[in-house]
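Peer 1: Here is my input; please provide its structure:
(one chain, ligands or ions: 1)
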Amino acid sequence: MDVKINKVMKRFGKTTVLQDINLTIASGQCVALVGPSGSGKTTLLRLIAGLEKVSGGTIHFGERDVTKTVPSKRGVTMLFQRPLLFPHLTIGQNIRLGMRGDARQVSEWLDRVGLPGREADFVHQLSGGEQQRASLARALASQPNFLLLDEPFSSLDLPRRRELRTLIRRLTEQQGVTTLLVTHDREEAMAMADYVYVMQAGRIIEQGRPVALSETSPFFGDGLALDGTW
Ligand code: ADP
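Peer 2: Now for the predicted structure:
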């Protein structure tokens, strides 16, 4: 399913935080949204998920105009910065919650994310990285058409980040899941995205394939950062 954002704007009161946002994600591709803190990345993600209403413009998922559709009817799954699991349920029960299809597939999902045989464990028995992998299993087990990743690695150390990055990319490619990744980490965008949009002060200021952009962009290029974080 491809995603098309057309002339989207967002105001909070009198403040315009997003202006003239045009963005396309081809079906099955991964697009990264990068930019310094406060540039509007999270707001755009929330508009796409339906957690905020646009002040102007349209959002299409395939042929469907979802601009006014409630979040639960959009078919979007989000993976957040911190793992979101129910502590009173086992890992298996957590994964089964949003799952379509056969419950036996829970163990297959655990295998795929590198947590074989951990169905009966509770959340506190898993490390932070393992919890994020279990969250990923839950997100993908719901068979989303469209996966939104909001800095999903920021609570992990670098080796875990790299590992999870590769895993997400492999699984979303296998399943043909269209993915939007919000990150302020240039390396992450380089490693995961087919296409990159750079935001600043509520606008898209540059876009392109990651390698091309890293060679030409004053914002996305090596050694230059808009703020201290990337
Ligand atoms: P980023 O994710 O790139 O850090 P955000 O989307 O969180 O940026 O924020 C973009 C701008 O919108 C910021 O100036 C922020 O203060 C403002 N903003 C975000 N949410 C609200 C809100 N609910 N009410 C008012 N201003 C907001």
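Peer 1: Report the distance from the longest helix seen in the chain to the chain centre.
Peer 2: Secondary structure assigned by DSSP state H gives helix 158-175 as the longest helix of the chain. Taking CA atoms, centre = their mean, to the nearest Å, the mean C-alpha location of helix 158-175 is offset from the chain mean by 12 Å.
Peer 1: cool, and stretch 147-167?
Peer 2: How far stretch 147-167 lies from its chain's middle: 10 Å, per CA atoms, centre = their mean.
Peer 1: One more: stretch 130-149?
Peer 2: So, by CA atoms, centre = their mean, the centroid of stretch 130-149 is 10 Å from its chain's centroid.
Peer 1: Just confirm yes or no for that stretch near the ligand.
Peer 2: No. On the criterion CB under 6 Å from any ligand atom, stretch 130-149 is out of touch with the ligand, staying 12.6 Å away. The way it works is simple: take the backbone N, C-alpha and C, and place the C-beta from them, glycine included.
Peer 1: again with stretch 181-190
Peer 2: No. If you take CB under 6 Å from any ligand atom as the test, stretch 181-190 misses the ligand, and the best it gets is 6.8 Å.
Peer 1: just stretch 46-60 next, same as before
Peer 2: No. Figure legend: stretch 46-60 not in contact with the ligand (CB under 6 Å from any ligand atom); closest approach 7.6 Å.
Peer 1: Give me the mean pLDDT for that stretch.
Peer 2: Mean pLDDT, stretch 46-60: 96.
Peer 1: now the end-to-end length of that stretch.
Peer 2: Using CA to CA, to the nearest Å, the end-to-end distance of stretch 46-60 comes to 15 Å.
Peer 1: hmm, who's touching it?
Peer 2: Stretch 46-60 has contacts (CB atoms under 8 Å, 6 or more residues apart in numbering) with 3-11, 16, 18, 21, 43, 65-71, 74, 76, 78, 148, 180.
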